[in-house]
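*Asks:* sequence first, predicted model second:
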Number of protein chains: 2
Amino acid sequence: MVRAAAAKKSSPHVHEKRERRKSEIQHAALRAFRERGYHATTLDHIAEQLGVRKTALYHYFPDKDAILFECHREALGELERNLAEARRLKSPADQLRHVIEAHVRVMTETLDGSPLAFEVPSLSGERQREVVAGRDRYERELRRIIERGVRAGVFRDTDAKVAVFAILGAINWIARWWRPGGALSTAELGRQFSDHLVGGLGPLPRPRLVRSPKPRAARPRTRSKATS
Amino acid sequence: MVRAAAAKKSSPHVHEKRERRKSEIQHAALRAFRERGYHATTLDHIAEQLGVRKTALYHYFPDKDAILFECHREALGELERNLAEARRLKSPADQLRHVIEAHVRVMTETLDGSPLAFEVPSLSGERQREVVAGRDRYERELRRIIERGVRAGVFRDTDAKVAVFAILGAINWIARWWRPGGALSTAELGRQFSDHLVGGLGPLPRPRLVRSPKPRAARPRTRSKATS
DNA sequence: AAGAACTTTGAACAGTCGTTCAGTTTTCCA
DNA sequence: TGGAAAACTGAACGACTGTTCAAAGTTCTT
């Protein structure tokens, strides 16, 4: 115990170096997950990118799951930071715009285009619960922004839950087609996404063409309760 | 050879029954893939839902991959049929609206909410190539609709590629939160999606708030060439 | 009712991969 | 420079799971 305490404080920058290495491992893992997905990625794949045997990874993470978990923790942290920034803006439209553009930046720059969001179900037990809780917090906050926008009249009356899912789906899907070094800058991508996804919440410019003879009033008024 | 030919034509409705069973297997597989993803799904999981041992599946599909592949083929077929329907509509906005709503219907009703699109990389070799080719055809067609809308002035001048990715991302993500039996009808979900995603391509209702001092004209004019 | 065709089964195999661990190499500090 | 701490390795294990196959069970046809 005394030894452990002594070892812990022995040298601050040893611990720091270890953290840097952990981060390297995480990024190598993210790149591998992007190519093959979590389950199809072996520890050998990750280790190979680092010029190391897979057993070396166990000095930094207790198991494969933990690598994915740490990636999620970091990503969620960044997203929450974005939310905090957005809260300083006035209008719901600006807030939503900011969150979208910042989220796009996280997807492309921080996560290197990795499909982290796809791999939540790959986490097991307690870890999955924690990540899901964080994700739910984030989604709830986005929903609130939209609901305030609806109340303020800047957004069309819409199901906020569905709108948030549409927005996050579009963003998460970036992992499937965007690659670093593409012609499209992340800033421009973010801008186009926010134009598209925030703009789509505004009042409908044209009256919707009626496709069926049913009167529009017959449209059910239910608000969704999406299970899960 | 003669025997094989005779067996093939022996009875038409035997073949039909076999097809029905294949379809049952596919749907059981889809449900399993939804819960755990392709790689985390074992043949035992699929077989268990059918009250059968996993070896029985080999009478219908040569391997696990083939089950996923057949699901993809069917889904792509439906999507192409939707495109054909859309082509009969006049305006690009209506076409896009129709394709989106029909695609949402495929996601929820046909595919039972299964994340098929997530599992393209799980396919191997030749099969993956075929599915990717089909998907690319679909995406290209959507892009054309948007480009015509831009030329016609009903859509804002926007990068069609990015817009299509945003739309498909939102739709594919449905698999991650929608569950059969939810309060939201698939028709209503489709309508809200098309409102959101088509509406977002219209002219921006409000002038964009300038966040940085850089003049908007400085925005690069490049069209994206997303790698892959 | 009998035989053929179809369907399902149980056992077994083979390859993959996460994980453990004792020991070696490297790095760092006194 | 010597010794401790940290980083890494190689070998091996064990569980899982896709796949094969010969045989048993079932369904259908004549």
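*Replies:* Nice, I can see it. Numbering: from 1, shown residues only, chains lettered A, B, ... in the order given.
*Asks:* mind pulling up the pLDDT for the residue nearest in space to the middle of chain A?
*Replies:* Central residue check for chain A by C-alpha atoms, centre = their mean: the C-alpha nearest the mean position is that of A:Ala117, 5.8 Å away. Per-residue pLDDT puts A:Ala117 at 95.
*Asks:* list the contacts for it?
*Replies:* A:135, A:168, A:172, A:175 (C-beta atoms under 8 Å, 6 or more residues apart in numbering or on different chains). (Glycine included, C-beta is placed from N, CA and C.)
*Asks:* how about 10 Å then?
*Replies:* A:72, A:75, A:107, A:111, A:131, A:135, A:168-169, A:171-175, B:173, B:176 (C-beta atoms under 10 Å, 6 or more residues apart in numbering or on different chains).
*Asks:* how about A:Gln95?
*Replies:* With C-beta under 10 Å, 6+ apart, A:Gln95 has these contacts: A:83, A:85-89, A:141-142, A:144-146, A:148-149, A:198.
*Asks:* hmm, try it at 8 Å
*Replies:* A:86-87, A:89, A:145.
*Asks:* separation between it and DNA strand C?
*Replies:* Relative to DNA strand C, A:Gln95 is positioned 40 Å away (C-beta to the nearest atom of the strand, to the nearest Å).
*Asks:* find me the pLDDT at the residue nearest to that residue when sequence neighbours are not counted, would you?
*Replies:* Take A:Gln95 and drop its neighbours on the chain: the residue closest to it by C-beta to C-beta, 6 or more residues apart in numbering or on different chains is A:Ala86, 4.4 Å away. Listed pLDDT for A:Ala86 reads 98.
*Asks:* by contact count, what packs against whichever strand or helix holds A:Ala86?
*Replies:* Per DSSP states H and E: A:Ala86 is located in helix A:64-87. Helices and strands touching helix A:64-87, by 3 or more C-beta pairs under 8 Å, 6 or more residues apart in numbering or on different chains; DSSP states H and E, are helix A:12-36, helix A:92-105, helix A:125-152.
*Asks:* what is the orientation angle of it with helix A:12-36?
*Replies:* 100 degrees (axes from the mean of the first three to the mean of the last three C-alpha atoms, to 10 degrees).
*Asks:* does any part of helix A:64-87 sit near DNA strand C?
*Replies:* Yes: on the criterion C-beta under 7 Å from any atom of the strand, helix A:64-87 is in touch with DNA strand C at A:64-65.
*Asks:* so which strand or helix has A:Leu89?
*Replies:* Going by DSSP H and E, A:Leu89 is not in any helix or strand.
*Asks:* right, I mislabeled it, should have said A:Ile171
*Replies:* A:Ile171 belongs to helix A:160-172, assigned by DSSP H and E.
*Asks:* ok, back up a step: lowest-confidence one in the contacts of A:Ala117?
*Replies:* Taken together, those show their lowest pLDDT at A:Leu111, with 87.
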